[in-house]
Structures are given as structure tokens and as C-alpha cells.
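**Q** Quick one, fold the following:
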Amino acid sequence: MSYTVAEIADALGAEAAGDTTLTIARASEPQSAGADDLALAMNPKYADGLAQGSARVAMLWPGADWQGLGLSAAIFPNRPRYAMSGMTRMLDAGQGFATGIHPTAVIDPAAILGADVSVGPLAIISAGARIGAGSVIGPASFIGVDVTLGEKAYLREHVSIGARVRIGARCIIQPGARIGGDGFSFVTAEPSTVESARKTLGDQGEAEAQPWIRIHSLGAVTIGDDVEIGMGCTIDCGTIRDTRIGHNTKLDNQVHMGHNVEIGDNSLICGQVGIAGSARIGNNVVLAGQVGVNDNIFVGDGVIAGGGTKLMSNVPAGRTMLGYPATQMDKQVDQYKALRRLPRLLREVAELRKAVFKSGKDD
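**A** Next up, the predicted model:
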């Protein structure tokens with residue numbers, strides 16, 4: 001897989017200079033780039049690395065002196081990081097999955113596969129499953145009963161999708177994701193100490209042990225179009241209604257979504273985020289790494305939560321949050337600065353007390 005400089009520039013809507021017939025096979029960092037690589041030096045701070053490598057072509061910042069940098073050609077994108085999206089898509093060699101149905105795959109006769117579906121070794125597709133045209137089911141993946149996958153779904157190896165889950169078109173699901181397990185729902189015959197603690201926020205003392213009784217998950221999971229699910233994600237079924245993810249939302253690795261959770265469109269949920277049952281997340285929300293979301297709250301459209309934030313109560317639309325418990329980020333930073341000044345303030349207060357008491361003795 002290779003492209004000329006002109007082909008890459010045209011695909012990215014970028015300007016190109018120099019010998020645009022040169023062929024590019026790979027992308028590389030400047031210092032390790034070879035003669036057939038596209039060196040990525042889209043910021044002047046990476047320019048020195050070009051001298052350490054052997055690149056003839058680089059993607060550069062606007063106005064860069066490509067000839068002065070010893071290059072034979074250059075590409076000048078208007079928005080470098082956005083250009084990375086198109087460039088990496090062109091040069092992605094993929095996972096090498098074979099086309100067609102592998103002989104070790106197990107496909108129930110009642111499953112329906114669209115045109116040009118690829119099913120890898122040891123994959124299982126259960127009865128009533130409907131797989132959209134052009135989809136890829138990776139090695140050792142499991143598709144449960146009555147699952148629906150839209151066209152051009154792309155499942156990597158060891159993906160598990162439980163019964164009745166519905167996923168839209170062009171989804172990408174990374175290795176080890178588990179979608180459609182039962183929700184973590186249990187109840188006691190009499191009010192439990194947990195219920196009491198939520199009301200009183202106090203100690204419960206010794207209490208008679210009560211067995212936890214399972215609440216079965218009758219709902220499933222519904223996922224929109226163009227959604228990506230990272231490695232090791234776990235998404236629980238809803239109790240009665242479905243757990244839901246909107247269109248174009250992206251989940252990073254090891255995200256957990258509890259039962260009945262709803263996430264809107266175009267949201268980014270970063271690594272190790274945990275969202276407790278029945279929480280509702282709006283559109284265009286960004287939850288950074290290790291954010292925790294309490295159960296039964298809503299997070300409004302456009303909210304951004306910084307890394308490690310714990311959202312304990314409802315968050316209005318448009319807020320930027322930080323900390324535990326979460327507050328608006330600017331206020332949290334002010335509190336942190338004040339906390340750091342506290343030892344000095346205490347020393348100053350102690351010195352003032354000494355001065356006052358000493359002055360009183362002198363009188």
C-alpha cells in the first residue's frame with residue numbers, strides 16, 4: 001500500500017510542493033523516517049529531527065522552508081491534527097484478517113449475513129443474528145442470539161456481544177470488549193444497610209446479614225452509528241429498557257457502563273471511566289480518564305470533566321468540572337491554590353499570635 005505525495009495531498013485537501021510524484025509507504029516520526037516514509041513534523045519543534053532521519057517528504061507547518069530542511073517535497077495541511085485522521089486512514093495496513101468465512105467459524109443456520117461479510121477463525125454467530133453487509137467478525141468473537149450489526153461493522157478479536165444487542169453501521173469494536181452482560185442489580189427482602197446509609201449518610205452499626213437477590217436484566221443494549229468501543233470495555237444490559245449509546249460516540253479502553261446508562265451523540269468517554277446505573281450523559285460530553293459518574297444523575301450537553309473527576313450530582317449543560325466531589329474547574333483550581341498556601345498562612349498566623357501575645361505582656 002503506497003501513495004504519491006500528490007495523492008495524499010489531494011485526499012487531505014492540503015497543498016503540496018516539490019516532487020509530488022514521490023511514493024510514500026509509511027508515516028514516521030522525523031528522526032526515524034526512511035526514504036519512503038512521510039515524516040510528521042507539523043510543528044517547528046520537530047524540525048531538528050528531520051536532520052537525524054532520511055525522509056525525502058514531510059508533512060510540515062504552514063510557511064515552513066521545506067527546501068532549507070533538505071526535503072524533496074512537502075505537504076502543508078491547514079489543520080495538521082485533522083489531517084492526521086485522513087493520512088492515517090490511507091496508510092493503515094489493517095490487521096490482515098482474511099476475507100470470507102473461516103472453516104472453523106460456527107454460524108447458526110438461522111443467522112443472516114449480508115454480502116461480503118468476513119468471519120474469522122473460531123468466531124461464533126448465533127441464531128437470529130443479522131450481520132450487515134461488508135462487516136468483519138474477528139477471530140474468536142461471539143455474536144449472541146438475535147443480535148443486529150449494521151453494515152461495515154468491524155469487530156476485532158475476542159469481542160463478545162450478548163443476546164438482542166443492536167449496533168448501528170460502521171461500528172469499530174476493539175479486542176476484548178464485552179457488550180450485553182447482565183446489569184449489577186441486587187435487592188434485599190427488607191431495606192438494606194445500603195439504603196439506610198444513602199438516607200442518613202451515617203454509620204449503620206451491626207446489622208443482620210441479608211442475602212442479595214438478583215434482579216434480572218430484561219433490556220439489552222442499543223448503540224448508534226459510527227460508534228467506537230475500546231479494548232476491555234464492559235457495557236451492561238438495561239434492567240427493563242435498553243442501555244443506550246448515541247451516534248458517533250467514542251469509548252476508550254476499560255470504560256464501564258452500568259445498566260440503563262444513556263450516552264448521547266458525539267461524546268468522548270476516556271479510559272477507565274465508570275458510569276453507574278441509570279446515569280444519563282448528554283451530547284458532546286467529554287469525560288477524561290478515570291472520571292466516575294454517580295448513579296441516577298444527569299450530565300448535560302457539552303460538559304467537560306477533567307481527569308479523575310467524580311460527578312456526584314447533576315451537572316448543568318456546558319459546565320467544565322474537576323475534582324472530588326466535582327466543582328467547576330476554575331473554582332476547583334482556586335481551592336487547590338488556596339490549599340497549597342495554607343501551610344504558609346498558618347505559619348504567618350502563628351507568628352502574628354506570638355507578636356500579639358508578646359505585645360500584651362510588654363504593656
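
**Q** Just name whatever secondary elements the longest helix along the chain is in contact with.
**A** Taking DSSP state H as the criterion, the chain has its longest helix at helix 329-362. If you count contacts as 3 or more C-beta pairs under 8 Å, 6 or more residues apart in numbering; DSSP states H and E, helix 329-362 packs onto strand 320-322. Using the backbone N, CA and C atoms, a C-beta is placed for each residue, glycine as well.

**Q** Direction included, what does the strand it packs on pair up with?
**A** Partners of strand 320-322 in the sheet, by DSSP bridges, are strand 304-305 (parallel), strand 327-328 (antiparallel).

**Q** My understanding was that L311 contacts D295; is that so?
**A** No - the criterion here is C-beta atoms under 8 Å, and L311 misses it with D295 at 10.8 Å.

**Q** So between these two, which is more surrounded?
**A** L311 (25 against 13; other C-beta atoms under 10 Å).

**Q** quick revisit: nearest to E157, of the strands paired with strand 320-322?
**A** Nearest to E157 among the strands paired with strand 320-322 is strand 304-305 (31.5 Å), distances taken as C-beta to C-beta.

**Q** can you list contacts of that closest one?
**A** 285-288, 291, 299, 311, 315, 319-322, 326, 329 (C-beta atoms under 8 Å, 6 or more residues apart in numbering).

**Q** I figured L12 was touching P77, is that so?
**A** Yes - using C-beta under 8 Å, L12 is in contact with P77, at 5.7 Å.

**Q** which residues of the stretch 151-300 of the chain fall in helices?
**A** In the stretch 151-300 of the chain, the helices defined using DSSP state H, counting those that start in this stretch lie at 193-200.

**Q** Only alpha carbons, please: show stretch 78-87 as PDB.
**A** The C-alpha trace of stretch 78-87 is given here as PDB (Å, rounded to 0.1, in the frame of the first residue of the first chain):
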ATOM      1  CA  ASN A  78      -4.400  23.600   7.100                       C
ATOM      2  CA  ARG A  79      -5.300  21.800  10.300                       C
ATOM      3  CA  PRO A  80      -2.400  19.300  11.000                       C
ATOM      4  CA  ARG A  81      -4.100  17.100  13.600                       C
ATOM      5  CA  TYR A  82      -7.200  16.800  11.500                       C
ATOM      6  CA  ALA A  83      -5.100  15.900   8.500                       C
ATOM      7  CA  MET A  84      -3.600  13.100  10.600                       C
ATOM      8  CA  SER A  85      -7.000  11.500  10.600                       C
ATOM      9  CA  GLY A  86      -7.100  11.200   6.800                       C
ATOM     10  CA  MET A  87      -3.500  10.400   6.400                       C
END
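
**Q** how far out from the middle of the chain is the helix or strand of the chain with the lowest mean pLDDT?
**A** Sorted by mean pLDDT, DSSP states H and E, the helices and strands of the chain end with helix 193-200, the least confident at a mean of 82. Here helix 193-200 is found 33 Å from its chain centre; the criterion is C-alpha atoms, centre = their mean, to the nearest Å.

**Q** Also stretch 45-64?
**A** Remark: stretch 45-64 is offset 31 Å from the chain centroid, using C-alpha atoms, centre = their mean.

**Q** can you pull the buried residues of that stretch?
**A** Within stretch 45-64, the residues scored as buried using 16 or more other C-beta atoms under 10 Å are 46-47, 49-50, 53, 55-60, 64.

**Q** List the buried residues in stretch 16-30.
**A** In stretch 16-30, counting by 16+ other C-beta under 10 Å, buried: 16-18, 20, 22, 24, 27-28, 30.

**Q** Extract the CA atoms of it and return them as CSV.
**A** What follows is stretch 16-30, C-alpha atoms only, in CSV (Å, rounded to 0.1, in the frame of the first residue of the first chain):
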residue,chain,number,x,y,z
ALA,A,16,2.0,20.1,-1.8
ALA,A,17,5.3,21.4,-3.0
GLY,A,18,8.3,19.8,-4.7
ASP,A,19,8.4,16.4,-6.4
THR,A,20,4.8,15.3,-5.8
THR,A,21,5.4,12.0,-7.8
LEU,A,22,7.5,10.6,-4.9
THR,A,23,5.8,7.5,-3.4
ILE,A,24,5.0,7.2,0.3
ALA,A,25,4.6,3.8,2.0
ARG,A,26,4.6,4.7,5.7
ALA,A,27,4.3,7.5,8.2
SER,A,28,7.1,8.1,10.6
GLU,A,29,8.5,10.4,13.3
PRO,A,30,11.1,12.7,11.7
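
**Q** Now do that stretch, average pLDDT.
**A** Averaging pLDDT along stretch 16-30 gives 95.

**Q** and it, how far out from the chain's middle?
**A** The chain centre lies 31 Å from the centre of stretch 16-30; the measure is C-alpha atoms, centre = their mean.
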